[in-house]
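>>> no sequence on this one, just coordinates:
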DNA sequence: CGTGACTTTTACCGCTTGGTCAAATCGAGA
DNA sequence: TCTCGATTTGACCAAGCGGTAAAAGTCACG
């Protein structure tokens, strides 16, 4: 077993693969898919370039590993939206969960953002597959609530995308947010602002 | 006058500089600052690599030219927001203008987005300068309207950022939007959705 | 139509970068 | 402690890239 992706058996392999992925996440988020170099990742991880290539088949393989693992994390809160729950509670809960994700995992958010902005060359099929279906399903649920008069009328898919746009903005465009807000911590005010926004928009 | 940026005198210079900038916009938006190569730009422009370097001092110079010219275009609609106008009309007008900008100039929007997501290495100072001041000023106007009871209470700066996030989303994350909406044209529905969203949020 | 400036091309350079390879080193079990 | 597989390193390539130099070609104008 000389290269490629060895079976994760030993402690060292588990640890070093994790270290490399963490380092790569930072470097890819900061410099983009192409701007990142194996040397940068190596320095961040404290490993030499050939050593990194002992654990991963190549730079692209690291990027792919990172991204495919990410989509699930990203969609989990939307999966958790309960059709049987109280509409306003469920939607506001989703907004908060998504905002929390941006606050806790800003690097992941930015990595995802760059991939999408540049046309999703890698996860395009996933977008048209599981993402599309999940959104269609949840949009139906939301529009069912609207038709039942439990929330104001709304386009479910555009509502979901609005939630994405508003929550991810605070992570993806963090430097701009910081500039506008004079480096004050944005998160508490953001939570209140989005709470107000969606409450007013959806209350009957 | 052998290289660098020759004075734009001749027709050929004006035309070729424009052609190069247009080509570079597309390539930078698709591949990012680092992923773009002079050969790609050359192919897109129909010019050879050395010929491009006859008109621009280097790859970075093209990128800078593109970005610095962009910020003004991007902020113009916010400047046009009239403190003396009707609050709801002004804000909804700004939303529509910004959405229209995203629809008409998606490449520019994506170029701007990548720059910000990766930390705004080039225009960071502009963000903390003119952008910060303009937003602070307009936020004051909006909050004045709110205090006068002409619109619902709202954090002016977060409202402005919300407008940015929601409108730019349709351009920056275009492939994701297309995947979710099954490639249907998103713009009309987006305009209605955002109109509804901000009307409900701001009406007293 | 000739001339000097403007424009384009061909050939090339040096550096960076992803990746390879073989040798050296380490580490856990017999 | 010995051994063999797992891990790490140093030396090295080949390709891609930004950029340069100088010659060749083109254009406007007297």
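Ah, there it is. Computed from a prediction, not measured in an experiment: that's the story for all the values here. Residues are numbered from 1 along each chain as shown, chains lettered A, B, ... in the order given.

>>> Which strands or helices does the host helix or strand of residue A:30 pack on?
Assigned by DSSP states H and E, residue A:30 belongs to helix A:11-35. Secondary-structure packing of helix A:11-35 (3 or more Cβ pairs under 8 Å, 6 or more residues apart in numbering or on different chains; DSSP states H and E): helix A:38-45, helix A:49-55, helix A:59-79, helix A:106-117, helix B:11-35. Every C-beta, even on glycine, is put in place using the N, C-alpha and C of the backbone.

>>> if we look at that helix, which residues are touching it?
Under the criterion Cβ atoms under 8 Å, 6 or more residues apart in numbering or on different chains, residues A:6-8, A:36-37, A:40-42, A:44-47, A:51-52, A:55-56, A:62-63, A:65-66, A:107-108, A:110-111, A:114-115, A:118, B:31-35, B:114, B:118-119 lie in contact with helix A:11-35.

>>> If we check DNA strand C, which of those are in contact?
Near DNA strand C, judged by Cβ under 7 Å from any atom of the strand, the entries from the contacts of helix A:11-35 are A:36, A:37.

>>> re earlier: does DNA strand D have contacts with the helix holding residue A:30?
Yes. Against DNA strand D, helix A:11-35 shows contacts by Cβ under 7 Å from any atom of the strand at A:12, A:13, A:16.

>>> Most neighbours of all these, which one?
The most crowded member of those, judged by other Cβ atoms under 10 Å in any protein chain shown, is residue A:16 (19 neighbours).

>>> domains of chain A?
Annotated domains of chain A cover A:11-57, A:68-202 [automatic domain parsing].

>>> Ends of the first one, what's the gap?
The stretch domain A:11-57 measures 19 Å between its terminal residues, going by Cα to Cα, to the nearest Å.

>>> How about the last one?
One end of domain A:68-202 to the other measures 33 Å (Cα to Cα).

>>> distance between that domain and the chain's centre?
A distance of 9 Å separates the centroid of the chain from that of domain A:68-202, by Cα atoms, centre = their mean, to the nearest Å.

>>> With the first one instead?
Taking the mean of its C-alpha atoms, domain A:11-57 sits 20 Å from the chain's own mean (Cα atoms, centre = their mean).

>>> which residues are contacting stretch A:39-53?
A:3, A:16, A:19-20, A:22-24, A:26-27, A:31, A:38, A:59, A:62.

>>> What's the mean pLDDT across that stretch?
Averaging pLDDT along stretch A:39-53 gives 97.

>>> Point out the most buried one among the helices and strands packed on helix A:11-35.
Counting by mean count of other Cβ atoms under 10 Å in any protein chain shown, helix A:106-117 has the highest mean neighbour count of the helices and strands packed on helix A:11-35, with a mean of 23.

>>> What helices and strands are in contact with it?
In terms of contacts (3+ Cβ pairs under 8 Å, 6+ apart), helix A:106-117 is packed against helix A:11-35, helix A:59-79, helix A:156-172, helix B:106-117, helix B:156-172.

>>> Can you list the neighbours in contact with that helix?
Helix A:106-117 is contacted from outside by A:25-26, A:28-29, A:32-33, A:66-67, A:70, A:73-74, A:101-102, A:121-123, A:168, A:171-172, A:174, B:32, B:110, B:113-114, B:117-118, B:172-173, B:175-176, using Cβ under 8 Å, 6+ apart.

>>> mind running it again at 7 Å?
Outside helix A:106-117, the residues within contact range by Cβ atoms under 7 Å, 6 or more residues apart in numbering or on different chains are A:25-26, A:28-29, A:32, A:66-67, A:70, A:74, A:102, A:122-123, A:168, A:171-172, A:174, B:110, B:113-114, B:117, B:172-173, B:175-176.

>>> how close does whichever residue of chain A sits closest to DNA strand C get to residue A:46?
Using Cβ to the nearest atom of the strand, the closest approach of chain A to DNA strand C is made by residue A:58 at 3.1 Å. The gap separating residue A:58 from residue A:46 is 20 Å, by Cβ to Cβ, to the nearest Å.

>>> try residue A:78
For residue A:78, the distance to residue A:46 - Cβ to Cβ - is 36 Å.

>>> Please apply the same query to residue A:16.
10 Å.

>>> Near DNA strand C, which residues of chain A? Just list them.
A:3, A:36, A:37, A:38, A:39, A:49, A:50, A:53, A:58, A:59, A:60.

>>> Can you tell me which of the residues you listed lies closest to DNA strand D?
residue A:50 (3.3 Å).

>>> Pull the residues that contact stretch A:156-172.
Contact with stretch A:156-172 is made by A:94-95, A:98-99, A:102, A:106, A:109-110, A:113, A:135, A:138-140, A:142-143, A:177, A:186, A:190, A:194, B:117, B:161-162, B:165-166, B:169, B:177, B:180-181, B:189-190, B:193, B:197, as judged by Cβ under 7 Å, 6+ apart.

>>> Check which residues of that stretch are buried.
For stretch A:156-172, burial by neighbour count (16 or more other Cβ atoms under 10 Å in any protein chain shown) applies to A:156-172.

>>> Against which helices or strands is the helix or strand harbouring residue A:194 packed?
Using DSSP H and E, the element containing residue A:194 is helix A:187-202. Packing partners of helix A:187-202 (3 or more Cβ pairs under 7 Å, 6 or more residues apart in numbering or on different chains; DSSP states H and E): helix A:87-104, helix B:156-172, helix B:187-202.
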